[in-house]
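Trainee: Prediction below, plus the sequence it came from.
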Number of protein chains: 2
Amino acid sequence: MTQTPDTETKILEAAYEVFIENGFDGTRMQQIADKAGINKALLHYYFRSKQLLFNKIFVNAISKFIPNLISIFMNSELSFFDKIRQFTYQYIDILSKEPFIPIFVLSELSRNQNNLLDNFSKTLGQPVKIVKETIKEELQNEYEKGNIIKIDIESFMINMLSLCIFPFVAKPIIKIAIFNMNEEAYDKFIEKRKKEVGEFIINSIKTK
Amino acid sequence: MTQTPDTETKILEAAYEVFIENGFDGTRMQQIADKAGINKALLHYYFRSKQLLFNKIFVNAISKFIPNLISIFMNSELSFFDKIRQFTYQYIDILSKEPFIPIFVLSELSRNQNNLLDNFSKTLGQPVKIVKETIKEELQNEYEKGNIIKIDIESFMINMLSLCIFPFVAKPIIKIAIFNMNEEAYDKFIEKRKKEVGEFIINSIKTK
DNA sequence: GTCTATAATGTGATAGAC
DNA sequence: GTCTATCACATTATAGAC
């Protein structure tokens, strides 16, 4: 069933792990070669340069950082509050399976070398724009129906993303410095947030 | 009035800028020397190694990342809700003056080289513990008085920190990929959050 | 204290045999 | 496609003159 993957795949898998753990500057081509079980020369044979290999990995990481959860907000079967519940639950669930993606993506983007942001916009600009418009309308509708208070689309989206993503970005601080948690306690904390964050957001915008 | 700072100060100031912009791995000692207007050898004369110089900078950065806002939650003159308002306002205000501190600190901590986290705990473990206990009591009090819903200290603190810090960590994405803001629009967005975040949190925990 | 020169090593990338 | 050997250069760190 599970046959040995071809060399290109082995390289990509190894590169993914090493880059995400160490970042672009902290990664050595030798590390990737070792982890893939090949030699450095082959890396260059397949991907020409460190930068090009990194770019492949980064595009992949972005798609995990902003996964395809857009459909949730497009699903007209659901109430607005249920959309919030589902989105936060599923997003935190996805991130919890690859908890280092957020800090990796955000930290590389903030270095702003090359054209990482262009990649980002190219891949996700359009879908993000559509969700934004959809949610904006929905916020307006719910406000007019008297269900929620007035809130900007920008504030709403950033608040929701903050509450989902930040606990992963700040994992080391949360675990050690703030709450003195072990890995198990941290996992429980995240697990609890899957249900909690949605309710927190709903409470904050619901009319009394 | 403004006299030329001594060499050690010039080095520290230059190192601060370069490290925060590029991270440990992305920084070259030559860059620091150039920015400080001296040569590389002097860096080693004053600080022995890149790692030791970095550690000095990092401790400084941490103190800006978790500034002394503890007093706000200790101030018994203020109502609990006003403490939330003041803390969020002032924290966002401080971060907005050094917006790259959060991503720098969090990204270096997540690499987890050396003993950065130990530094962190040593510097801030005790004060953080005290605030945590103080807020915990206050949450309990307000709950018993029927003013707020039941919420864990962990959830409450992380929610508050998420909403304050994340917009800085994710600045490039927010600006370009999500909202297509220019620098001015982003600044306005942050300015607005200073007042907004407190109300958002209060709404989310206030009993109806 | 500050400089120039250089050691010692690391690192991305390529040449060329198989 | 895959390997070994090696180039070319960058980078931390030190030696030693002034």
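Mentor: Yep, it's here.
Trainee: what about the helices in chain A?
Mentor: A:7-26, A:29-36, A:40-47, A:50-65, A:70-74, A:80-97, A:101-111, A:116-144, A:153-169, A:171-172, A:183-205 (DSSP state H).
Trainee: Tell me who's in contact with A:Tyr46.
Mentor: The neighbours of A:Tyr46, taking C-beta atoms under 8 Å, 6 or more residues apart in numbering or on different chains as the test, are A:7-8, A:11. Backbone N, C-alpha and C define where each C-beta goes, glycine included.
Trainee: Just give the closest residue to A:Lys40, not the sequence neighbours.
Mentor: Spatial nearest neighbour of A:Lys40, excluding adjacent residues (C-beta to C-beta, 6 or more residues apart in numbering or on different chains): A:Ala33 at 4.8 Å.
Trainee: that older thread, out of the contacts of A:Tyr46, who has the most neighbours?
Mentor: Neighbour counts for the contacts of A:Tyr46, by other C-beta atoms under 10 Å in any protein chain shown, peak at A:Ile11, which reaches 24 neighbours.
Trainee: Am I right that that one is in contact with A:Lys35?
Mentor: No. At 9.2 Å, A:Ile11 does not count as touching A:Lys35 under the criterion of C-beta atoms under 8 Å.
Trainee: List the contacts of the most centrally placed residue in chain A.
Mentor: In chain A, the centroid-proximal residue (C-alpha atoms, centre = their mean) is A:Phe65; its distance is 2.2 Å. Taking C-beta under 8 Å, 6+ apart, we find A:Phe65 in contact with A:101-102, A:105.
Trainee: for those residues, which one is nearest B:Ser110?
Mentor: Compare each of the contacts of A:Phe65 with B:Ser110 using C-beta to C-beta and the shortest gap goes to A:Pro102, at 9.6 Å.
Trainee: pLDDT at that closest one, what is it?
Mentor: If you check A:Pro102, the pLDDT there is 98.
Trainee: what does chain A put close to DNA strand C?
Mentor: By C-beta under 7 Å from any atom of the strand, the residues of chain A that approach DNA strand C are A:27-30, A:40-41, A:44, A:48-51.
Trainee: From those residues, pick the one nearest chain B.
Mentor: Checking the residues of chain A next to DNA strand C against chain B with C-beta to the nearest C-beta, the nearest one is A:Thr27 at 8.7 Å.
Trainee: What are the neighbouring residues in contact with the closest one?
Mentor: A:18-19, A:50, A:54.
Trainee: distance of it from DNA strand D?
Mentor: If you measure A:Thr27 against DNA strand D using C-beta to the nearest atom of the strand, to the nearest Å, the figure is 14 Å.
Trainee: Distance check, that residue against A:Phe19.
Mentor: If you measure A:Thr27 against A:Phe19 using C-beta to C-beta, to the nearest Å, the figure is 5 Å.
Trainee: Overlap of the contact sets of these two?
Mentor: Taking C-beta under 8 Å, 6+ apart as the contact rule, the neighbours common to A:Thr27 and A:Phe19 are A:Phe54.
Trainee: is DNA strand D contacted by stretch A:3-10?
Mentor: Yes. Stretch A:3-10 comes into contact with DNA strand D (C-beta under 7 Å from any atom of the strand), by way of A:7-8.
Trainee: In that stretch, which of the residues would be classed as buried?
Mentor: By neighbour count, with 16 or more other C-beta atoms under 10 Å in any protein chain shown as the criterion, the buried positions of stretch A:3-10 are A:Lys10.
Trainee: Mind checking the pLDDT average for that stretch?
Mentor: For stretch A:3-10, the mean pLDDT works out to 90.
Trainee: ok, residues contacting that stretch?
Mentor: By C-beta under 8 Å, 6+ apart, stretch A:3-10 touches A:13, A:36-38, A:42, A:46.
Trainee: distance between it and the chain's centre?
Mentor: Taking the mean C-alpha point of stretch A:3-10 and that of its whole chain, the gap between them comes to 26 Å (C-alpha atoms, centre = their mean, to the nearest Å).
Trainee: How about stretch A:59-73?
Mentor: Counting by C-alpha atoms, centre = their mean, stretch A:59-73 comes out at 7 Å from the chain centroid.
Trainee: Endpoints of that stretch, how far apart?
Mentor: With C-alpha to C-alpha, to the nearest Å as the measure, the ends of stretch A:59-73 fall 24 Å from one another.
Trainee: cool, and stretch A:103-123?
Mentor: With C-alpha to C-alpha applied, stretch A:103-123 spans 19 Å between its terminal residues.
Trainee: Give me the buried positions along it.
Mentor: Neighbour counts using 16+ other C-beta under 10 Å place A:103-111, A:116-117, A:119-121 of stretch A:103-123 among the buried residues.
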